[in-house]
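> here is a sequence with its predicted model. Questions after.
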Amino acid sequence: MTLNINKLNFSYPDGHVALKNISLRIGRGEKVALVGPNGAGKSTLLLHLNGLLVGQGEVKINGFAVTKSNLPLIRAKVGLVFQNPDDQLFSPTVFEDVAFGPLHMGLSESETLTCVQRALSQVDMSHYADRMSYHLSIGEKKRISIATVLSMNPEILVLDEPSAGLDPRARRTLITLLRNLPLTMLVSTHDMLMVRENFPRMIIMDEGQVIADGATESLMNDIALLEAHGLERPFDVESKA
Ligand SMILES: Nc1ncnc2c1ncn2[C@@H]1O[C@H](COP(=O)(O)OP(=O)(O)OP(=O)(O)O)[C@@H](O)[C@H]1O
Ligand SMILES: [Mg+2]
């Protein structure tokens, strides 16, 4: 699964220019972090990957343009988890939320059950199947949101702030899960430690533009660049010792 974005521009209806001439390419199996200050345009960019927002320019998934006629195909391949879990969960129970995607793709009830059980166990929430999604805590909702996408067996995982609001154990489970999933990933986050642990490549956005795109290891050492864009090098455990 490859992702190609070419000269993408987008303005919100109120005229705010949120994406300016974004071009990037993500190859099959690459794990890429998208970082940058609040308001940089990270969520706006991610919403273009499954056609929820449509700007000017080109967005292609595996060579297919993200256009209306390709949307069913693209949404089956691109698993997008929103920043706000309330945008993702809408069913009465956790089970129904996580089963929605597989059922919609035409899987049988028993196949769906298998997918739901696997996805819930991947986020350590198997015991939540019968709970009401609406009443969950923010961190619980976030984990169920991730399960709603994993249950569809996506080929590209697009996560918007997946570790925000998670407790340390849930965050650790998520980091391990993401590291072991052999999928193409684009993940927006402020969690620089997770970036360093899991994402060999990092894209810095600011004011709607791509400021830097390269190896995490070298960008993390460019303190001036990080500071100029509201970022911090993650706390270095080794150097404290
Ligand atoms: N519906 C909207 N109408 C007008 N402007 C919007 C809308 N949604 C977002 N924006 C603006 O677009 C810019 C980019 O927002 P976006 O949510 O993509 O930022 P972000 O990088 O995801 O930030 P954060 O780190 O806070 O999640 C911001 O200035 C925001 O105020
Ligand atoms: Mg955002």
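Nice, I can see it. Quick caveat, the model's predicted, so the values are computed rather than measured. Ligands and ions are numbered 1, 2, ... in the order given.

> go ahead and confirm L80 touches L45.
No - the pair L80 / L45 is not scored as a contact, 11.4 Å apart, by Cβ atoms under 8 Å. Placement of C-beta: from N, CA and C, glycine included.

> so which of the two has more stuff around it?
Comparing L80 with L45 by other Cβ atoms under 10 Å, the one with more neighbours is L45, at 29 against 20.

> after the host helix or strand of that one comes which helix or strand?
Assigned by DSSP states H and E, L45 falls within helix 42-47. Later in the chain than helix 42-47, the nearest helix or strand by DSSP H and E is strand 56-61.

> what's the average pLDDT for that following strand?
Strand 56-61 comes out with an average pLDDT of 96.

> list the contacts of stretch 60-77.
1-6, 48-51, 54, 58-59, 78, 105, 152, 154-156 (Cβ atoms under 8 Å, 6 or more residues apart in numbering).

> go again using 7 Å as the cut-off
1-4, 48, 50-51, 58-59, 78, 105, 152, 154-156 (Cβ atoms under 7 Å, 6 or more residues apart in numbering).

> go through that stretch and flag the buried ones.
60-62, 66, 74-77 (16 or more other Cβ atoms under 10 Å).

> pull the helix or strand with minimum mean pLDDT from this protein.
helix 237-240 (a mean of 48; mean pLDDT, DSSP states H and E).

> what's next to stretch 214-225, contact-wise?
33, 195-196, 199-202, 204, 212, 233.

> any chance of those in JSON lines, plus pLDDT?
Converted to JSON lines, those look like this (pLDDT from 0 to 100):
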{"residue": "A33", "pLDDT": "98"}
{"residue": "V195", "pLDDT": "97"}
{"residue": "R196", "pLDDT": "96"}
{"residue": "F199", "pLDDT": "98"}
{"residue": "P200", "pLDDT": "97"}
{"residue": "R201", "pLDDT": "98"}
{"residue": "M202", "pLDDT": "98"}
{"residue": "I204", "pLDDT": "98"}
{"residue": "A212", "pLDDT": "98"}
{"residue": "R233", "pLDDT": "93"}
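
> which SSE is the residue most central in space within the chain in?
Centrality entry for the chain: nearest residue to the mean C-alpha point is L159, 1.0 Å, by Cα atoms, centre = their mean. Taking DSSP H and E as the criterion, L159 maps to strand 156-160.

> hmm, who's touching that strand?
1, 3, 43, 46, 49, 61, 77-83, 149, 181, 183-188.

> got a quick PyMOL command for the buried subset of these?
If you want just the buried ones from the contacts of strand 156-160 in PyMOL, going by 16+ other Cβ under 10 Å, the selection is:
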select buried, resi 1+3+43+46+49+61+77+78+79+80+81+82+83+149+183+184+185+186+187+188
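
> ok, which pair from the buried residues of stretch 60-77 is furthest apart?
Farthest pair in those (Cβ to Cβ) is K60 and A76. Separation: 15.7 Å.
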